[in-house]
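Engineer: Structural data only, the sequence is not supplied:
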């Protein structure tokens, strides 16, 4: 593993964090506290699921310099698990502790549980602590973690871990820690035993926990559920919106997993890729809905990236919000992957990374910016469900700039078959906003040509 970062110059250049033993990084997420930014990612992806290890990358100076490594006692560092997957990072302000959550995975690519590694300095990490151990016939998937960082909250310092049991039809479960992630309570389902995956818990200033997620049932939908008592119980699910999704060209692995964040007053924003604004559902936009309570949600709007008549296809969005901003002055940042045209195949598709921002709570947006160069699909690792750069990414905002770790594909080196480093824009992207207004959908009725999303569900 390389010991230093490579820095390129220019607006669309990137700081490169080599991903580890097999140089392939996926499933990336970033979080910030003050000027400290921590990212985490898979490294050395296996084609049938899981990865060789989980990596971390930390900046203590708002993204100017980075250090990185792999988590201890997981896999390559004399660990106890065959594989790892689905890393997510959170910060617990009360206990001044960083937490990286991940799935433990066996050699058969089955998720055997959820664990967290802890750190008080974002540089040195503890051995993993068990959040949940699946029974012998169980299969845990798609974990996420967050903490209550409002000192006036009734449940200040609580951390909340979400995952689903694929072995029980993707039953959604929530676990709680009250001591900085040292120990975790037995998980609980929602009141109506909702099924889905990819939930992203958020904590409002009063301690209410809102969890947007990808719901599975008679239809597929973006849903949410809440807890008002520190995770002692969870509500029945609420529907944010039905999902309409176009088939992505080239065999890329993509799904409507949501990305969610809340502003300083607790307003929740959720984004996902969706085709309802496109004629015949030919390709996907990034769409947005908001809620102040996790129960009632606004009508879905399209983030204005390009035109609904262009051929672009957008996927894997990640939303971040500048701390301290809210309401009509909330500063939003969204990174995403996209094809400039969805009329392509595995030999001709070009995968890019884009970025847009808003300074008025998502009413209007900046023009899109392409971040870095293009990735050829032939340079992306084939894995369960398609060619994979990750099932999700995360956007963190520090010192007014937006950061996201993203995986790209470079020419293979050193006899390796693939070379997929993690990259981040040096110094982050500014949150400038612009005059491009959102648009509401005329109908939420599934469009002809939309994909049966249930068949696309991802595993580890």
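Structural biologist: Great, that's in hand. These numbers come from a predicted model, not from an experiment.

Engineer: Tell me the residue in the protein that is farthest from the middle.
Structural biologist: Distance from the C-alpha centroid of the chain peaks at residue 415, with 31.1 Å (Cα atoms, centre = their mean).

Engineer: tell me the SS of that one?
Structural biologist: Under the three-state scheme (DSSP: H, G, I helix; E, B strand; the rest coil), residue 415 adopts coil.

Engineer: who's in contact with residue 96?
Structural biologist: By Cβ atoms under 8 Å, 6 or more residues apart in numbering, the contact list for residue 96 reads residue 120. Using the backbone N, CA and C atoms, a C-beta is placed for each residue, glycine as well.

Engineer: cool, residue 366 as well?
Structural biologist: Residues near residue 366 by Cβ under 8 Å, 6+ apart: 356, 357, 358, 432, 433, 434, 436.

Engineer: Next: residue 71.
Structural biologist: Per Cβ under 8 Å, 6+ apart, neighbours of residue 71: 53, 54, 55, 56, 77, 84, 100, 102, 117, 125, 128.

Engineer: Restricted to helices, list the residues you listed.
Structural biologist: Within these, no residue falls in helices by DSSP state H.

Engineer: which one of those residues is nearest residue 407?
Structural biologist: Residue 407 lies nearest to residue 55 out of the contacts of residue 71, by Cβ to Cβ, at 11.1 Å.

Engineer: what about the residue nearest to residue 411 when sequence neighbours are not counted, how many neighbours?
Structural biologist: Nearest residue to residue 411, sequence neighbours excluded (Cβ to Cβ, 6 or more residues apart in numbering): residue 419, at 6.4 Å. By the criterion of other Cβ atoms under 10 Å, residue 419 has 18 neighbours.

Engineer: My guess is residue 419 contacts residue 409. True?
Structural biologist: Yes: using Cβ atoms under 8 Å, residue 419 is in contact with residue 409, at 7.1 Å.

Engineer: Need the residues touching each of the two.
Structural biologist: residue 379.

Engineer: pLDDT below threshold where in the stretch 151-300 of the chain?
Structural biologist: Within the stretch 151-300 of the chain, no stretch has pLDDT under 70.

Engineer: for it, what spans make up the strands?
Structural biologist: Under the criterion DSSP state E, counting those that start in this stretch, strands of the stretch 151-300 of the chain are mapped to 159-165, 171-177, 196-197, 202-203, 209-216, 220-227, 238-242, 259-262, 268-274, 285-291.

Engineer: can you put those strands in CSV and add mean neighbour count?
Structural biologist: Listed next are the strands of the stretch 151-300 of the chain as CSV, based on neighbours: other Cβ atoms under 10 Å:
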stretch, mean neighbour count
strand 159-165, 27
strand 171-177, 23
strand 196-197, 26
strand 202-203, 24
strand 209-216, 27
strand 220-227, 26
strand 238-242, 19
strand 259-262, 25
strand 268-274, 27
strand 285-291, 24
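
Engineer: Export these to a markdown table and append columns for distance to residue 38.
Structural biologist: Supplementary listing: the strands of the stretch 151-300 of the chain in a markdown table, determined by distance: least, Cβ to Cβ, whole Å:
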| stretch | distance to residue 38 |
| --- | --- |
| strand 159-165 | 15 |
| strand 171-177 | 18 |
| strand 196-197 | 24 |
| strand 202-203 | 18 |
| strand 209-216 | 22 |
| strand 220-227 | 26 |
| strand 238-242 | 28 |
| strand 259-262 | 16 |
| strand 268-274 | 22 |
| strand 285-291 | 25 |
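
Engineer: what's the neighbour count on residue 436?
Structural biologist: Using other Cβ under 10 Å, residue 436 has 17 other residues around it.

Engineer: Ignoring the adjacent residues along the chain, who's closest to it?
Structural biologist: Among residues not flanking residue 436 along the chain, residue 304 sits closest, at 4.1 Å (Cβ to Cβ, 6+ apart).

Engineer: Which strand or helix spans the one you found?
Structural biologist: Under DSSP states H and E, no helix or strand contains residue 304.

Engineer: Same check on the one 10 residues further on?
Structural biologist: Using DSSP H and E, residue 314 maps to strand 313-321.

Engineer: surely the residue nearest to residue 436 meets residue 365?
Structural biologist: Yes: the criterion here is Cβ under 8 Å, and residue 304 meets it with residue 365 at 5.5 Å.

Engineer: list the residues that contact both of those two?
Structural biologist: Shared contacts of residue 304 and residue 365, defined by Cβ under 8 Å, 6+ apart, comprise 436, 437, 438.

Engineer: Out of those, list just those in strands.
Structural biologist: 436, 437 (DSSP state E).

Engineer: Identify, from the shared contacts of residue 304 and residue 365, the entry nearest to residue 141.
Structural biologist: residue 438 (32.4 Å).

Engineer: State the pLDDT value of the closest one.
Structural biologist: Note on residue 438: pLDDT of 95.

Engineer: Tell me how many other residues surround residue 114.
Structural biologist: Here the count is done by other Cβ under 10 Å, and residue 114 has 31 residues near it.

Engineer: which secondary structure element contains it?
Structural biologist: Secondary structure assignment for residue 114, by DSSP H and E: strand 111-119.

Engineer: List the strands paired with that strand, with their directions.
Structural biologist: For strand 111-119, the paired strands and their directions (DSSP bridges) are strand 97-105 (antiparallel), strand 129-133 (antiparallel).
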